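[1] coords below, sequence missing:
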């Protein structure tokens, strides 16, 4: 039998609502889909708000349902479906939502982005007079108004989008947008609260459009119950429900977590977030049949053969086997049915391979996620990745270390015996903001150093492609003060960050039931065990340094030269010869070579006469173009 080698059942899991599904069988979960459409339409007509929680077993199509809802409204500016995959710490959820809202509103309808169409409705045209006044009548925050005006006029557009996403902008970028050179959060405003203001302000501008917030994989927050992860989610979802705009909130979670969810979303928050609930059921026999047929016909070459001479409905698969699968209640979830069909097709084309072990599957998926994490577009999530990664990996790699309460400029804290380790993420590109955070931490350390009853140690984490320029003298001085008080600085590479993010993603997918090895679900315990045995040495060394006595100490003289080198090579279109760099920067060539060796992800050196310096990832630098 001469069949296509492409297995039509190879893709069985949709783990992100923004991905493109292989097929979409309308009958599957149609009642729930129609319910959501009707509720959204009611909101559009009445201005009322609504919410529902969707329960289902792994593989029953929760994420696929959100994907269908998003695609069905992709060409309408009257409805904005915001898919929020929760793979972030609860303490950073508003910042996560802010980034996703801006990403979705950048999507095009015709030749205009959703955000531009929203502003069109409010302003009229970029040439309109009193644009600021028109927006200020709706949005109170003057910074948001100013940034939106720049975006609409097409001035400093990339900086404006970066600010809307919540990126840390340099003083120059902020000045070009007409913003104070110091970031909002250091003027007594918490960054989470400020991100909430930005999200609600943007949504208010879109009235009378309906915003449909679809929260997927909220089970990821359950591990943080001692820190109130689910309770905090309930508060945030309730804030969206009560926002000054038309809102629908859809929350998706596995059925087995329903009791835990019920215990944690209570009172007035429950009244807002849990107005109704829907259960995704197993496939009916007709739905199962439609799914198999849709996938068989999704490969053009196979579809042509089926049309030209199929001997029965499910050709080339054995009809009796498929009928038995469809009739079996054990194979009635879309995922399990597709997995069994994939195995049958593999036998037909005689490409049956030895089963991939769980370890082999996790190793390959880990490497794939590392490559995805190195994409410069993921840089905005760096603090979230660090926060979530430290929280969930510490219990696996350093089981004696326990998480402790943190607040303020300490992003996360741990208890190791009698020592409390305070960790602060210092990845600001704005030196005023970084300096302010370091001064507050310095004051904190000075107060604690007088308390002999406590043994506390501060850890500062900063990416190695974010040097502190020599012009930031006050920031460099307070950093030296912190080191004198015992603080330790850990410089990390983007590769290490992507490793931590990849391990975090494996755990979050496993928690959601969306990690599958050839159709077999890989659970969280298996992933944790694999990480414990196979975490890369770079990750282990980082955790050992974080909770030990060692650190990557920054030589501030080298740091200034590094910043100057990045600026200089950028001016030379990211490639230049080493002798010219040494002469221009008034530095020894050997010192520049050592800086390149310390930052292999950012810079490279080609041996020759003369040696050539080149930049590997220009877009990812501290002073990046958005």
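    That came in fine, so what should we check first? Just so it is clear, the model here is predicted, and its values are computed rather than measured. Numbering: from 1, shown residues only.
[2] count of residues packed around residue 251?
    Counted with other Cβ atoms under 10 Å, the burial measure for residue 251 works out to 24 neighbours. In this view, the C-beta of every residue, glycine as well, is placed from N, C-alpha and C.
[3] for the protein, what are the low-confidence residue spans?
    In the prediction, the chain carries residues with pLDDT under 70 at positions 1, 12, 126, 184-189, 223-227, 331, 351-352, 448-456, 549-559, 617-626.
[4] can we see that at 50?
    Low-confidence regions of the chain, defined here as pLDDT under 50, cover residues 186-188, 452-455, 552-554, 618-626.
[5] in the helix or strand where residue 278 lies, what's buried?
    Element membership for residue 278 (DSSP states H and E) is strand 277-279. Of the residues in strand 277-279, those scored as buried under the neighbour-count criterion (16 or more other Cβ atoms under 10 Å) are residue 278.
[6] ok, and what's touching that strand?
    32, 35, 52, 53, 54, 55, 56, 255 (Cβ atoms under 8 Å, 6 or more residues apart in numbering).
[7] How is the third one assigned, secondary-structure-wise?
    What DSSP: H, G, I helix; E, B strand; the rest coil gives for residue 52 is strand.
[8] now it: how far from residue 322?
    For residue 52, the distance to residue 322 equals 34 Å [Cβ to Cβ, to the nearest Å].
[9] list the contacts for the residue nearest to residue 200 when sequence neighbours are not counted?
    Leaving aside its chain neighbours, residue 200 sits nearest to residue 243 (4.8 Å; criterion: Cβ to Cβ, 6 or more residues apart in numbering). Residues touching residue 243, when contacts are defined by Cβ under 8 Å, 6+ apart, comprise 200, 203, 204.
[10] I'd like to know how many residues surround the first one.
    Counted with other Cβ under 10 Å, the burial measure for residue 200 works out to 20 neighbours.
[11] Is it correct that it is in contact with residue 242?
    No - under the criterion of Cβ atoms under 8 Å, residue 200 lies out of contact with residue 242, with a separation of 9.5 Å.
[12] Quick check on residue 426: phi, psi?
    Main-chain torsions, residue 426, degrees, to the nearest 10: phi -120, psi 50.
[13] and residue 323, how many neighbours?
    Considering only other Cβ under 10 Å, residue 323 is surrounded by 14 other residues.
[14] Mind giving me the packing neighbours of whichever strand or helix holds it?
    Assessed by DSSP H and E, residue 323 sits inside helix 319-327. Judged by 3 or more Cβ pairs under 8 Å, 6 or more residues apart in numbering; DSSP states H and E, the packing partners of helix 319-327 are helix 285-296, helix 334-348.
[15] Buried residues in it, which are they?
    Within helix 319-327, the residues that count as buried by 16+ other Cβ under 10 Å are 322, 325, 326.
[16] Kindly indicate whether residue 490 is helix, strand or coil.
    Following three-state DSSP, residue 490 is assigned to strand.
[17] other SSEs contacting the stretch of helix or strand residue 211 belongs to?
    Assigning secondary structure by DSSP H and E places residue 211 in strand 210-216. Packed against strand 210-216 by the contact rule (3+ Cβ pairs under 8 Å, 6+ apart) you find helix 30-46, helix 62-72, strand 79-85, helix 229-241, strand 246-254.
[18] Stretch 80-99: how far from the chain's middle?
    Between the mean C-alpha point of stretch 80-99 and the mean C-alpha point of its chain there is a distance of 8 Å (Cα atoms, centre = their mean, to the nearest Å).
[19] Only the buried residues of stretch 363-376, if you could.
    When burial is assessed from 16+ other Cβ under 10 Å, stretch 363-376 yields the following buried residues: 365, 366, 369, 370, 373, 374.
[20] Quick one: neighbours of residue 250, just the number.
    Residue 250 is surrounded by 28 other residues when neighbours are defined as other Cβ under 10 Å.
[21] Which residue ranges of the stretch 451-600 of the chain form helices?
    Taking DSSP state H, counting those that start in this stretch, the helices of the stretch 451-600 of the chain run over residues 473-484, 494-511, 524-534, 537-546, 556-571, 578-585, 589-598.
[22] Residue 411 is nearest to which of those?
    Put simply, out of the helices of the stretch 451-600 of the chain the one that sits nearest residue 411 is helix 537-546, at 12.7 Å, with distance taken as Cβ to Cβ.
[23] What distance do you get for residue 422 to residue 364?
    For residue 422 relative to residue 364 (Cβ to Cβ), the value is 37 Å.
[24] one step back: between the strand holding residue 211 and strand 246-254, how big is the angle?
    In this structure, strand 210-216 runs at an angle of 10 degrees to strand 246-254, with axes from the mean of the first three to the mean of the last three Cα atoms, to 10 degrees as the basis.
[25] In its sheet, which strands sit next to strand 210-216, and in what direction?
    strand 79-85 (parallel), strand 246-254 (parallel) (DSSP bridges).
[26] I'd like those strands laid out as TSV, including distance to residue 609.
    What follows is the strands paired with strand 210-216, written out as TSV (distance: least, Cβ to Cβ, whole Å):
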stretch	distance to residue 609
strand 79-85	51
strand 246-254	61
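[27] Out of these, which is closest to residue 427?
    Across the strands paired with strand 210-216, closest to residue 427 is strand 79-85 (Cβ to Cβ), at 22.3 Å.
[28] How far does that closest one sit from its chain's centre?
    When distances are taken as Cα atoms, centre = their mean, strand 79-85 is centred 14 Å away from the chain's centroid.
[29] What lies in contact with that strand?
    Residues from elsewhere that reach strand 79-85 (Cβ under 8 Å, 6+ apart): 16-18, 40, 44, 66-67, 69-70, 73, 96-97, 100-101, 104-105, 114, 206, 209-217.
[30] Check stretch 291-301 too.
    By Cβ under 8 Å, 6+ apart, the list of residues contacting stretch 291-301 from outside reads 4, 6, 8-9, 22-23, 25, 28, 283, 302-303, 306, 313-314, 317, 322, 326, 334, 337-338, 341.
[31] one step back: quick one: which of the contacts of strand 277-279 has the most company?
    Going through the contacts of strand 277-279 with other Cβ under 10 Å as the criterion, the one with the most neighbours is residue 54, at 26 neighbours.
[32] Thought residue 32 was touching that one, still the case?
    Yes - distance between residue 54 and residue 32: 6.6 Å, which falls inside the contact criterion (Cβ under 8 Å).
[33] Kindly point out which residues are neighbours of both of these two.
    Residues touching both residue 54 and residue 32 by Cβ under 8 Å, 6+ apart: 65, 278, 280.
[34] Out of these, the closest to residue 180 would be?
    Nearest to residue 180 among the shared contacts of residue 54 and residue 32, counting by Cβ to Cβ, is residue 65 at 43.4 Å.
[35] Contact partners for the closest one?
    With contacts taken as Cβ under 8 Å, 6+ apart, residue 65 has the following neighbours: 29, 32, 33, 36, 54, 252, 280.
[36] Could you rerun that using 6 Å?
    residue 29 (Cβ atoms under 6 Å, 6 or more residues apart in numbering).
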